[in-house]
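Visitor: fold the stuff below for me.
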Amino acid sequence: MSTTPSAPSSPPSPSSGLDGLRFAFGTLTVLPVRVTRWDRGAARGGMLAAPLAGLAVGGCAAGLGLLLLLLGAGPLLAAVASAAVPAALTRGLHLDGLADTADGLGSGRPADDALRIMKQSDIGPFGVLTLVLVLFAQVAALTQLYGSSWGRGALAAVAGAVAARLALTLAARAGVPAARPEGLGAAVAGVVPVRGALAVAAGCLAAAAAGGALLGPYDAVRTPVAVVLAVVAAELLLRHCTRRFGGVTGDVFGGLAETAATTALVVLCLG
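Guide: Residues are numbered from 1 along each chain as shown. Modelled structure (predicted):
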């Protein structure tokens with residue numbers, strides 16, 4: 001989400017897997033990846049590959065958390081680091097989108113006015129409160145998980161990041177409109193075929209079960225359940241936003257990602 005291109009008017013064109021990966025990593029992370037195509041074909045491949053970007057982000061978050069534990073830090077510091085890495089690797093754009101979405105929804109204004117509020121550079125009281133609560137929830141959940149075992153903490157950091165980007169894949173499916181004619185939301189809205197989105201979701205759930213199985217049968221079930229509940233929470237927010245704003249924006253995508261990540265972490269620390 002490092003750029004906000006205008007929505008192209010041409011229909012989707014064939015895109016290679018490399019174009020999709022470049023789009024995913026170039027727009028969803030700050031990693032030095034050059035995006036060579038901005039058409040809807042590349043956007044479709046990029047949104048289908050979004051969970052792979054989440055895997056990279058989550059791997060970095062888990063790696064820093066584990067490094068701090070190895071160096072003698074406690075679970076709280078490891079949790080703070082694991083929560084900070086995704087923010088750093090996205091330049092905080094997902095958190096900014098969450099805050100702007102909260103301000104737009106909390107304003108109670110008509111769609112046009114709410115979208116105007118979301119485009120303002122400052123953050124209102126709803127946005128600040130939402131950011132504080134979400135970050136506290138993420139750190140609290142990761143602290144509990146790292147305190148339980150280093151493996152559960154690391155798995156949660158990865159699962160949360162993947163679930164966040166899976167929510168973006170599902171939100172970019174066909175039939176979900178854009179709220180504005182420009183911006184990242186318009187560039188990716190409706191580009192992913194429903195079958196493709198479901199196939200990616202199935203792959204993510206299988207990977208979550210496999211990762212959880214490394215820690216035992218209980219985690220093999222709990223991890224994919226956490227991913228499912230994460231995308232359900234994101235879907236509820238998506239439907240509310242499309243009703244309120246008339247479609248999705250780049251800010252809404254950021255809000256969906258943070259909602260999914262937080263839900264996954266909270267579910268993983270239950271039980």
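Visitor: shaky segments in the stretch 1-150 of the chain?
Guide: For the stretch 1-150 of the chain, the stretches with pLDDT under 70 are 1-16.
Visitor: list phi and psi for the closest residue to residue 228 other than its chain neighbours.
Guide: Nearest non-adjacent residue to residue 228, counting by CB to CB, 6 or more residues apart in numbering: residue 205, 7.0 Å away. Just so you know, the C-beta spots here come from the backbone N, C-alpha and C atoms, and that holds for glycine as well. The phi and psi values for residue 205, taken as degrees, to the nearest 10, are phi -70, psi -40.
Visitor: next one: residue 33 from residue 77, what distance?
Guide: Here the criterion is CB to CB, to the nearest Å. By it, residue 33 lies 30 Å from residue 77.
Visitor: no no, residue 170
Guide: 33 Å.
Visitor: neighbour count: those two, which is higher?
Guide: Counted by other CB atoms under 10 Å, residue 170 and residue 77 do not tie: residue 170 has more neighbours, with 23 against 16.
Visitor: isn't the more buried one right up against residue 199?
Guide: No. In this structure, residue 170 is not within contact of residue 199 by CB atoms under 8 Å, at 11.4 Å.
Visitor: related to what we said a few turns ago, tell me how far the residue nearest to residue 228 lies from residue 199.
Guide: Counting by CB to CB - residue 205 and residue 199 are separated by 11 Å.
Visitor: more neighbours: those two, which one.
Guide: Between residue 205 and residue 199, counted using other CB under 10 Å, residue 205 has the larger neighbour count: 17 against 13.
Visitor: and the pLDDT for that one?
Guide: Note on residue 205: pLDDT of 98.
Visitor: for residue 213, give me its contacts.
Guide: 219, 220 (CB atoms under 8 Å, 6 or more residues apart in numbering).
Visitor: tell me the spacing between it and residue 265.
Guide: In terms of CB to CB, residue 213 sits 19 Å off from residue 265.
Visitor: kindly report the same for residue 132.
Guide: 16 Å.
Visitor: more neighbours: those two, which one.
Guide: Neighbours per residue (other CB under 10 Å) separate residue 132 from residue 265, with residue 265 holding more: 28 against 11.
Visitor: could you find the closest non-adjacent residue to the more buried one?
Guide: Here the residue nearest residue 265, using CB to CB, 6+ apart, is residue 141, at 3.9 Å.
Visitor: could you do residue 229 as well?
Guide: Using CB to CB, 6+ apart, the nearest residue to residue 229 is residue 267, at 5.2 Å.
Visitor: kindly report the same for residue 86.
Guide: Using CB to CB, 6+ apart, the nearest residue to residue 86 is residue 57, at 5.2 Å.
Visitor: give the buried residues for the longest helix along the chain.
Guide: Using DSSP state H, we find that the single longest helix of the chain is helix 217-245. Neighbour-count burial for helix 217-245 flags 219-220, 222-231, 233-235, 237-238, 241-242, 244-245 (criterion: 16 or more other CB atoms under 10 Å).
Visitor: and for stretch 119-134?
Guide: Buried-residue list, stretch 119-134, by 16+ other CB under 10 Å: 123, 124, 126, 127, 130, 131, 134.
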